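Colleague: From the sequence below, what's the structure:
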Amino acid sequence: MAEQVSHTDEPLNILVIVAHPDDVEFGIAGSVARWIDEGARVTYGIITDGEAGSNEPDVDLEALAQQRQTEQRAAAEVIGVHDVHFLGYPDGMLEPTMALRRDLTRLIRQVRPNRVVCQDPTTVFVGDDYINHPDHRAAGEAAIYAVFPGAETRPIFPELLAEGYEPHHVSELYLTLALQPNAHVDITATIDRKIAALRCHKSQVSEEVGDWIRERNGEAGKEIGVPFAERFRVMKFDR
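Modeller: Numbering: from 1, shown residues only. Here you go, the predicted structure:
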């Protein structure tokens, strides 16, 4: 199925919430680049600090976290995103706590997006060779409950009202890494930017990562008859 497009007189305001630095680039950077080309404003919310991104015994974890933040900012610039929020939660131990839900509710009320993009919390196994990272699931669960009921319900997190953050209704939710996608975004025109952005994460990937991305997004593209695509499960909350 082709992307479900919203029709509005105003540019789309999109908030992307993910667990780790590089999650956007591995998953949906082609779509983000396309949306920006079409006039959207996009903000990233990166929940963890990325310090579990190395298995080397003597790695300086604090320095790695700083490096990954720098890499994420560089990757965002390649795509055209200039507003990146780092929440600083510990990498590898994320839980969908009330504190995280509150932080994401605050971010949604601050950014006031039409569309929120996050990771599908229901995905555990992908094919026969990948166990979904528990941080991805925790990030997704906290994000969807921040979308609803958190962001739009006045009595929830009244402390946010005291901070000046009024309730906000999100119109669309896009879930990535979903096992039941119902929409595809054609990223043929933006896949080179996606790969260039992913290569900014030098602590995590090699130059050859582009071949894997083209294979993966090529498989999604075949499903809608284009060279490259990204899949989503899309939910719409029209009033």
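
Colleague: what's in contact with stretch 69-78?
Modeller: Defining contact as C-beta atoms under 8 Å, 6 or more residues apart in numbering, one finds that stretch 69-78 is touched by 21-22, 24-25, 29, 44, 46, 49-50, 82, 84, 86, 193, 196-198, 200-204. The C-beta positions use only the backbone N, C-alpha and C, and glycine is treated the same way.

Colleague: redo that, cut-off 10 Å
Modeller: Stretch 69-78 is contacted by residues 16, 18, 20-25, 29, 32-33, 42-44, 46, 49-50, 53, 81-84, 86, 88, 193-205 when judged by C-beta atoms under 10 Å, 6 or more residues apart in numbering.

Colleague: What's the PyMOL line that selects buried ones from those residues?
Modeller: Command for PyMOL that selects the buried part of these, burial taken from 16 or more other C-beta atoms under 10 Å:
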select buried, resi 16+18+20+21+22+23+24+25+29+32+33+42+43+44+46+49+50+53+81+84+86+193+194+195+196+197+198+199+200+201+203+204+205
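
Colleague: out of the contacts of stretch 69-78, which are inside strands?
Modeller: If you go by DSSP state E, those have Val16, Val18, Val42, Thr43, Tyr44, Ile46, Asp83, Val84, Phe86, Gly88 in strands.

Colleague: Between all of these, which two are separated the most?
Modeller: Spatially, the most separated pair among these is Val42 and Gly88, at 20.8 Å (C-beta to C-beta).

Colleague: before we move on, back to that, closest one of the ones in strands among the contacts of stretch 69-78 to Gly140?
Modeller: Val18 (8.9 Å).
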